[in-house]
Structures are given as structure tokens and as C-alpha cells.
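K.L.:
What would the 3D arrangement of this be:
(one chain, ligands or ions: 1)
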Amino acid sequence: MRYIDPDGREIVDANGNVIYTQQGGWAKNAPTDAVRIGNSMMTTRTGTNQWNKMVDAKYPIQLSISSRNRGGKLGEAAVQTRNHVNSATNKIEKVEVVSVKITIFEGSIKNILNPNVKGSNPESQNLIDTYRTATQTVDQAIGAVAVHESVHGTSMDNITQDVENTLTGTNHDVEAEPRALEYKVLNETFNQNLKPITPISIDKIEKK
Ligand SMILES: [Zn+2]
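P.N.:
Residues are numbered from 1 along each chain as shown. Predicted coordinates:
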């Protein structure tokens, strides 16, 4: 069993070193991938909220970017938990998170941003269309995917429901909350990308 620092391990690199703190920001040797994910998230309000939840987590969270194209799978959160199950009732009494590893598939993101690519169902097509409309850069899309995965990695409701699905065969929709926040970030990104129209000077027109 692994000892968990009660003060939190925050955002860590592959060796478990803390690479971001609220007080000091990024550590000098922070891996490029993690910096890219964090900075993309912090460009929107919802992304910043979710980023702060990860920084304040009481367990280590590792962030990486993979160049792989996994089709509709844009990201992944591997959540390691310690589950306390009552042996008499077989009920899950408590779920503790040990560690989280979030991977963003940049190859998948680039793939869906390609206008020739089609979604496998109407729901995925709608998401793809939203990414194409709302984002102007791959990094903006990375921010939205990271927000989705951050819910899987920090929401105790989401984590507990996922454990229940696996251990007791329940059918909680664990994608609803992450998907809702993903759309929210895409909407914020879309609004931020809108450039204000330069007002016409009446004075200039009159004088000609
Ligand atoms: Zn998900």
C-alpha cells in the first residue's frame, strides 16, 4: 500500500515530483506536455476551475499527451482507487483515490478537426462539429478534452459511480457530467475566439 501525503501531491511528473503549485505556478523542470495541458485549460473560466480542482487534489495527478490517433477517443483518465467493500452486504462503503493519470490523444484531436472525418453516431458527430466550430487551434481543443478528463479524475461522485459500475454492475451514466463541462468549455472558447467588429467612425464618413 502506498502512503498518501495528506497535504496533497498536486500535479506531478512521471517521478512523482510536484510540478505546479497555486503559490509558485510551474516548476522549472515541469514536462512540456503537462504545461501545455494546464495552460490550455487555464484559457477559459471552466477550464481554470477544473485545473484548480486538480491542483488541490489530495492525490497525485499525472498529465501527458500522446500523438496516437484513437478515433473518437480523445482522452483517457486512468483512476486508481482503493475500494472499501462491506463483505457482509457487498456494498461499497468508501472509495479512495490513490492516483490519476490523464492522457490526451493529440492524434485523435487532429483527426476529428479534419473536415473529412465523420463521427460514428449522431452524438459523436455533434461533438466533432462543436470542436470544429469552437476551436481555432489544437491547443484550444486539448483544453476542452482535458476538462472532460479532469471530471473523471476529480469528481468523487463520478469516480464512485464508475467504481460501482465496475464492481456491482450498476449502469450510472459516468459520461454525462464530463461531457457537459466539455461542451461548456467549447462554448467559452467559441465566444473568446469571436473578434469584435471595428466600429465605423461617423465623423470620418461625414468629412470623407
Ligand atoms: Zn469520459
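K.L.:
element containing the residue of the chain found nearest the ion, please.
P.N.:
In the chain, no residue comes nearer to the ion than Pro178, which is 4.5 Å away by C-beta to the ion. C-betas here are computed from N, CA, C, even on glycine. Using DSSP states H and E, Pro178 sits in helix 176-193.
K.L.:
which residues touch that helix?
P.N.:
For helix 176-193, the external contacting residues (C-beta atoms under 8 Å, 6 or more residues apart in numbering) are 43-47, 50, 127, 130-131, 133-136, 140, 143-145, 147-149, 151-152, 155, 157-158.
K.L.:
contacting residues for Met54?
P.N.:
Glu10, Ile11, Ile61, Ser150, Gly153, Thr154.
K.L.:
which of those tops the neighbour count?
P.N.:
Ser150 (30 neighbours; other C-beta atoms under 10 Å).
K.L.:
after whichever strand or helix holds that residue, next one along is what?
P.N.:
Per DSSP H and E: Ser150 is located in helix 138-154. Using DSSP H and E, the helix or strand that follows helix 138-154 in sequence is helix 156-168.
K.L.:
in that next one, what counts as buried?
P.N.:
Buried residues in helix 156-168, counted by 16 or more other C-beta atoms under 10 Å: Asn158, Ile159, Thr160, Gln161, Asp162, Val163, Glu164.
K.L.:
can you put the residues you listed in TSV and add pLDDT and distance to the ion?
P.N.:
Below are the buried residues of helix 156-168 laid out as TSV (pLDDT from 0 to 100; distance: C-beta to the ion, whole Å):
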residue	pLDDT	distance to the ion
Asn158	98	9
Ile159	98	12
Thr160	97	15
Gln161	97	12
Asp162	97	9
Val163	96	15
Glu164	94	16
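K.L.:
tell me, how many neighbours does the residue of the chain closest to the ion end up with?
P.N.:
Using other C-beta under 10 Å: Pro178 sits among 22 other residues.
K.L.:
That one and Gly75, how far apart?
P.N.:
9 Å (C-beta to C-beta, to the nearest Å).
K.L.:
quick one: stretch 77-85 near the ion?
P.N.:
No - taking C-beta under 5 Å from the ion as the criterion, stretch 77-85 and the ion are apart, separated by no less than 7.2 Å.
K.L.:
ok and the lengthiest strand in the chain relative to helix 156-168, angle-wise?
P.N.:
Across the chain, the strand with the greatest residue count (assigned by DSSP state E) is strand 92-105. Put simply, strand 92-105 runs at 110 degrees to helix 156-168, going by axes from the mean of the first three to the mean of the last three C-alpha atoms, to 10 degrees.
K.L.:
What is the subsequent helix or strand relative to strand 92-105?
P.N.:
Scanning onward from strand 92-105 (DSSP H and E), the first element met is helix 106-113.
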